[in-house]
Structures are given as C-alpha cells and as structure tokens.
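J.: Need a 3D model of the following:
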Amino acid sequence: METSKLLFILVSVVIFFLIPLLVRNKRHYYLGLSGFIFIFSKGWIFLPNGNGLMLADLSIAGLLILAFFSKRRFKLSVFPIGWALLGICIWGVISSLFAKQQYVAFVELSRYFRAYLLFLCIYHHIQSVKDLRVVLNYFLIGFLLESLLAIYQWKFGALGIWFLGERNHVGWRSTGTFFVPAFLANYLVLALPVAYKFFLFYKAPKTSTTIFYGIIFIVGLVGLLTTYARSEWVGFLTALSILSIFSMFYRKTKIRAKSMWIIPFLVLFLVIFASRYAPTVLSQFGSTRKSAYEIRFNQFKIAQRIISSNPLFGTGLANYQSAARGYLTPEERINPAKYIIFVHNSYLYITSEMGIPAGIFFILWLGSFITVGIKILKAKINHPLIINFSLGIIGGIVAIVVVFTFTPDIHAYDLLYHLGFYSGIMMAGQKLLKIAERKKAIQDFKIRRLEIKNNDEEGMKR
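T.: Just a heads-up that it's a prediction; the model follows:
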C-alpha cells in the first residue's frame, strides 16, 4: 500500500476514532470539525476525476452516526436552500442517465450529494447559539491557519505538510493545502467577509476577541493577495463594498460607537498595503495575462453550442471535455486542446454538463442565501452573532457569484463542501431565530394573561 494511503488511514483513525474518545461533547467536536477539516483536501483517491474518500467526509460521517444513535430525524427537504440543492442532486441523477460515460458522471455527482448531506447535518445538529459559536470558532481558526500557510509559502516555499494536501512544489502563487491557487482563493474569498463582519461590526464581550478577529481578517487579506487570483480579488472587493455600505446604515448591523476606534487602524493598514502591493495587483490585469482572459470568450461560445444541442440533460457531469470536441469550428480544430478545456464560467459549465434545469437550480441555490438573509434581518429577535455570521456568509456568496463568471470551479469538492456548510449555517440561524420568537411569544402571552388575572382580582376586591 502507498505511503500516502497509510498516512490517510492513520490521520483518519486519529481524527475519527481516537480524539472523540477524549472529548465529552462529541456533537460539538464533529460540528467544529466540519468547519475546520475541509481546508485539508487530502483523500484516498480511488475513483475517476480525483474522487474518493476525503478527510472532510469524516465530519459528515461523524454527524450522521451521532444522528443515528440519538434517533434524530432529518427533514430531507428544507426550503428554500435545501430545495435548490436537492434539485441539483436529483436532476444530476437524471442527467447522468443520458451521459455517454455514466459511471464517471455518477462519481462526479457524489460531490453534490455529500454537500447536501453536510447541509442536513449542520442544519439539524445546530440546536443553540452555543453550537453556532463552536462552529464559528473552529471555522475561523482553520481560516487563520490556512492564511498563515499561504503567506509562508509565498515567502519561503512549501512547508512540508504534504500529507495534509500541500503540494510539494509551490511556485510564485500560494496554494495552501488546496490543489491550485484558485481553489485556495475561492476558500479565502468565501471566508473573508465573515471575518470582516465580526471584526468591525460585532460587539465581542472582550476587546481581545475583537483584536483576534482583526488579526484573522488582516492575515486572510494578505493570504488572498498571495494567490494572485484576479477574479477572486474583484469578487472580494465587490462583496466588501456592498457589505460595508449595507452594514453602515442598516440599524441592526450599524457599526457600534465603541468599535469606531478600529476604522483608523484599518484604513492605515489598507493604505500601507495598497502602496506596497498595488503595482503587483495591477500587473495581473495587464498585457502579460491578456491571452488567458481573451480565450475565455471562445470557451463561452463552445459551451453555448453544447447547451443549445443538449438543453435538458447536458453532456453529463465530467463529460464536458470529451463532448466539446464535436462542437469546435474548423478554425478551432487547428488547436483543439486550447478550446476543449473546461469553460471558465461556472454557470455555463454546470448548465452544459447537467442541462438548463440544473443551471436554474444552481442560480436558485445561490439566490436563496439572499432570501434567507432577508428573513433573518426581518426577524423580531435581533441576535448580533446570527446576523453578523449570516451577512458575512452572504458577502462570501456575493464574492463567489462574481468569481464563477470567470472560473470553472463549481465542481471542486472543497468548494461544494464550503457552500453546503454555509447552507446549513444559514438555515440553522433562521431556525434558531424562529425558536426564539416562539418562546418570546409564549412568554409574552403568559405575562399578559397574568396581568389580566391580576387586574380582574383587583376589580373584584373593589
């Protein structure tokens, strides 16, 4: 057996069996693990397209086992986020039946089903704000470690933790523990808005906690720079601008007076950062990478031809490249390898492989985050942790929506896991607020009934 597989088994045994024996609250352990472990993209690959048993699957398995022994019933369809994600999975099954390489398509589809299982696990196992706080803390610690590793790679090269997914060769762009720099950038751009919201808009019980959030945000910002990922930079700036404008003026998220001291320090850091690295950033949008940008438009046209010919079922997941050869023009056939590469637009990519219905479900999935966020903001209960966590997630979704316009990364397992993880948190946050509203309504009713009873007794005495 290969050394990498032996190490994977060893790490899995430690994480899945040994550590849980030492912790009292196993549910908190696996909830925290779900927000931390997916930064390590290592797995036992035994299926096509780099698929197999991943380290991140251990948290899903742990939560499912806990649910089984606790006899916790899972509601399989949770509106609206769960419906959209389930729709992608179901239509993916139908699409795969019509694919030329059915086995490969079903293997690829397993990533979506695992994201859906994670969504269910997170949604049902988060039963209190304390649970949500556990998930947040583990998630931010993982984000900090990944960002520090990216900065280290940028300055000194690979650290040597290849058994956790780090590539032995690290070039001028950081990869962290992800397969390519773009996958690391996707992770960072999804997580950064959460760190930003808790740094600037959340009133932590201690100043030291606010400083900790600030360190996480700044380190993550530098980590994003080291990826040299242009679309992620644009996505993050778009999300940050929208999030800042909204948070500054909406009453439930307005920055608190006691937190105003943070702004001058943040502005000073950004000015120093921009003066030092602005030329590096701008150079990525110059003529040196112009060809990589222009080729995308040819890829868009090929994907549109595929969609026109296969509007309902697409080519089947992981069948895009083999199918694309039949849709090239005579000019494109001169250099086919240049054009049959995955279309660098996730919306066209998922639609061309799974059909227009899947493309619609995909857009509904992303849009449902906004829908749930609006409901959370309109809730009668104002809970700062839930609101800031939810708005941070929405900021990450806004960023990734921009990123998807010029990247084919939607099928990446770590990205799907991240989106499934966020889906569960959003729906769990809405659930907790509904529970709090019901409890408050019952309490108010009891108080009113007691007041009426007292008034009646006083009236009878008179």
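J.: so where do the strands sit in the stretch 1-150 of the chain?
T.: Under the criterion DSSP state E, counting those that start in this stretch, the stretch 1-150 of the chain contains strands at 43-47, 51-54.
J.: who does the last one touch, helix- and strand-wise?
T.: Same thing as strand 51-54. Here strand 51-54 touches strand 43-47, helix 102-125, going by 3 or more C-beta pairs under 8 Å, 6 or more residues apart in numbering; DSSP states H and E. For every residue, glycine as well, the C-beta is placed using N, CA and C.
J.: Pairing partners for that strand, with directions?
T.: When pairing is defined by DSSP bridges, strand 51-54 lines up against strand 43-47 (antiparallel).
J.: re the thing from before, closest one to residue 158 among the strands of the stretch 1-150 of the chain?
T.: Judged by C-beta to C-beta, the one of the strands of the stretch 1-150 of the chain that comes nearest to residue 158 is strand 43-47, at 19.2 Å.
J.: list the helices and strands the helix or strand of the chain with the lowest mean pLDDT packs on?
T.: Counting by mean pLDDT, DSSP states H and E, the chain has its least confident helix or strand at helix 262-283, which shows a mean of 73. In terms of contacts (3+ C-beta pairs under 8 Å, 6+ apart), helix 262-283 is packed against helix 181-200, helix 207-225.
J.: For whichever helix or strand comes after the last one, which outside residues touch it?
T.: Just to be clear, that refers to helix 207-225. In the C-terminal direction, the helix or strand that comes right after helix 207-225 (DSSP states H and E) is helix 230-249. The contact list for helix 230-249 (C-beta atoms under 8 Å, 6 or more residues apart in numbering) reads 182, 185-186, 188-189, 192-193, 196-197, 200-201, 224, 253-255, 281, 284-285, 289, 391-392, 394-396, 398-403, 405-407.
J.: Give me the buried subset of the residues you listed.
T.: For the contacts of helix 230-249, a burial check counting by 16 or more other C-beta atoms under 10 Å picks out 182, 185-186, 188-189, 192-193, 196-197, 200-201, 224, 253, 255, 391-392, 394-396, 398-403, 406-407.
J.: thinking again about what came up before, ok and the least confident helix or strand of the chain relative to helix 230-249, angle-wise?
T.: Interaxial angle, helix 262-283 versus helix 230-249 (axes from the mean of the first three to the mean of the last three C-alpha atoms, to 10 degrees): 160 degrees.
J.: CA atoms only: put helix 262-283 into PDB for me.
T.: The C-alpha trace of helix 262-283 is given here as PDB (Å, rounded to 0.1, in the frame of the first residue of the first chain):
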ATOM      1  CA  ILE A 262     -10.900  50.200  14.700                       C
ATOM      2  CA  ILE A 263     -11.600  52.200  11.500                       C
ATOM      3  CA  PRO A 264      -8.400  54.500  11.600                       C
ATOM      4  CA  PHE A 265      -6.200  51.400  12.100                       C
ATOM      5  CA  LEU A 266      -7.900  49.500   9.300                       C
ATOM      6  CA  VAL A 267      -7.600  52.400   6.900                       C
ATOM      7  CA  LEU A 268      -3.900  52.900   7.800                       C
ATOM      8  CA  PHE A 269      -3.200  49.200   7.200                       C
ATOM      9  CA  LEU A 270      -5.000  49.300   3.800                       C
ATOM     10  CA  VAL A 271      -3.100  52.500   2.700                       C
ATOM     11  CA  ILE A 272       0.200  50.900   3.600                       C
ATOM     12  CA  PHE A 273      -0.800  47.600   2.000                       C
ATOM     13  CA  ALA A 274      -2.000  49.300  -1.200                       C
ATOM     14  CA  SER A 275       1.100  51.500  -1.500                       C
ATOM     15  CA  ARG A 276       3.300  48.400  -1.200                       C
ATOM     16  CA  TYR A 277       1.400  45.900  -3.400                       C
ATOM     17  CA  ALA A 278      -0.800  48.000  -5.700                       C
ATOM     18  CA  PRO A 279       1.700  47.600  -8.600                       C
ATOM     19  CA  THR A 280       1.800  43.800  -8.100                       C
ATOM     20  CA  VAL A 281      -2.000  43.600  -8.200                       C
ATOM     21  CA  LEU A 282      -2.400  45.900 -11.200                       C
ATOM     22  CA  SER A 283       0.200  43.900 -13.100                       C
END
